[in-house]
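Asks: model the structure of this input:
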Amino acid sequence: MNTLDSALPPAICLMGPTACGKTRIAVELAASGPFEIISVDSALVYRGLDIGSGKPDRATQARAPHRLIDIRDPSQPYSAAEFRVDAIREMRDIIARGKLPLLVGGTMLYFKVLRDGLAQMPSATPEIRQRILDLAATEGWAGVHARLQAVDPAAALRIHPNDPQRLQRALEVYEAGGVTLSALHAAQATDQTDDLPCELLFVAMLPEQRSQLHQNISDRFHAMLELGLVNEVAALKRRTDLHAELPSIRSVGYRQVWEYLEGQVDYATMIEKGIAATRQLAKRQLTWLRSWPELTELVCSLTIEDAIIVKNHLKNCTRAAIYW
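Replies: Numbering: from 1, shown residues only. Alright, predicted model coming up:
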């Protein structure tokens, strides 16, 4: 856990499931309070992933600029470790400007790495990477998952068999160093958070009605299609340096539309799978939040009134109110 000196300025970490209105709330807070926004989203970092990621449009960003958006080409993976370095740099800059960082997003791993630091991982050789890819080619990623299950059951329990990137990395760590990813995380040094310039205050927007969240997810995916999501993915697909296994293309929504453009599913099935994948993402995010330590939970109605709920909480929060 983060045991930061309370003399440090606070940074508000606004969390919650996808489609609960975090961006709208953050924009309202930045417009009326002492905040500057840092995006905590693994899809928003990529240029060209605009519609399907729910990236704030130009007008919204002009009103409330978002840091760590459009910082990486989709052909180049972006890691949680890189996010931590970038986020701390942006936090320091915001504090120097006399404002408070408002970290907003749904990539829970990024929040965790920011809070806890990241254990030093052994580097895999090209031979190790190729050996794992060969295993995936012959036995499928289910075979890679079975291998991980044999050496690191805890990691295998956390990582889905259809998550090639995380499966490969977890197995690389073991093959390269002989120590499991789970063991490295457990042995993580307690002083890795000394570089944080702020006290992290975690606030979660939790939907009062799960059914309303599901409806929001469905409505938003259909709206993305109307805005041109298929054309956006088609433009990405025309690039010769992008493929289906890249983290950018595996983002929720993009993966399903890519499969449609590959002819693997029809249009109706693509919509069904896209909505289902987004609902599964929301479920995983809520699971993370249920076990998040020192979390302030705010029940939200998924309306514009939620911004008032968060604003009132921060104005009454001892650590944040003095900066308002």
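
Asks: from Glu36, how far out is Leu100?
Replies: Plainly put, Leu100 is 8 Å away from Glu36 if you go by Cβ to Cβ, to the nearest Å. Just so you know, the C-beta spots here come from the backbone N, C-alpha and C atoms, and that holds for glycine as well.

Asks: now list whatever residues contact both of the two.
Replies: Common contact partners of Leu100 and Glu36 (Cβ atoms under 8 Å, 6 or more residues apart in numbering): Ile94.

Asks: more crowded one of these two?
Replies: Taking other Cβ atoms under 10 Å, Leu100 and Glu36 do not tie; Leu100 has more neighbours (23 against 20).

Asks: residues touching the more buried one, list them.
Replies: Listed by Cβ under 8 Å, 6+ apart, the contact set of Leu100 reads Pro9, Pro10, Ala11, Ile12, Gly33, Pro34, Phe35, Glu36, Ile94, Cys198, Ala320, Tyr323.

Asks: from the residues you listed, which ones fall inside strands?
Replies: Pro10, Ala11, Ile12, Phe35, Glu36 (DSSP state E).

Asks: so which residues of the stretch 101-250 of the chain form strands?
Replies: Counting by DSSP state E, counting those that start in this stretch, the stretch 101-250 of the chain has strands at residues 199-207.

Asks: the contacts of Leu100: which two are farthest apart?
Replies: Gly33 and Cys198 (15.5 Å; Cβ to Cβ).

Asks: among these two, which residue is more densely surrounded?
Replies: Neighbours per residue (other Cβ under 10 Å) separate Gly33 from Cys198, with Cys198 holding more: 22 against 18.

Asks: I'd say that one and Ile12 touch.
Replies: No. Using Cβ atoms under 8 Å, Cys198 makes no contact with Ile12, being 9.2 Å away.

Asks: any residues in contact with both of those two?
Replies: Common neighbours of Cys198 and Ile12 (Cβ under 8 Å, 6+ apart) are Leu100, Pro101.

Asks: so which residues make contact with stretch 258-278?
Replies: Contact with stretch 258-278 is made by 18-19, 217-218, 220-222, 225, 230, 233-234, 236-237, 244, 249, 252-253, 255-257, as judged by Cβ under 8 Å, 6+ apart.

Asks: go again using 7 Å as the cut-off
Replies: Residues from elsewhere that reach stretch 258-278, judged by Cβ atoms under 7 Å, 6 or more residues apart in numbering: 18, 217-218, 221, 233-234, 237, 244, 249, 252-253, 256-257.

Asks: can you check stretch 315-323 too?
Replies: Applying Cβ under 7 Å, 6+ apart, the contact partners of stretch 315-323 are Pro10, Ile12, Pro34, Leu100, Glu199, Leu201, Leu314, Trp324.

Asks: same thing but at 8 Å, please
Replies: Contacts for stretch 315-323 (Cβ under 8 Å, 6+ apart): Ser6, Pro9, Pro10, Ile12, Pro34, Leu100, Glu199, Leu201, Thr296, Leu314, Trp324.

Asks: list the contacts of the third one.
Replies: Contacts of Pro10 were listed using Cβ under 8 Å, 6+ apart, and they are Leu100, Cys198, Glu199, Leu200, Leu201, Arg319, Ala320, Tyr323.

Asks: with that, I have no additional questions.
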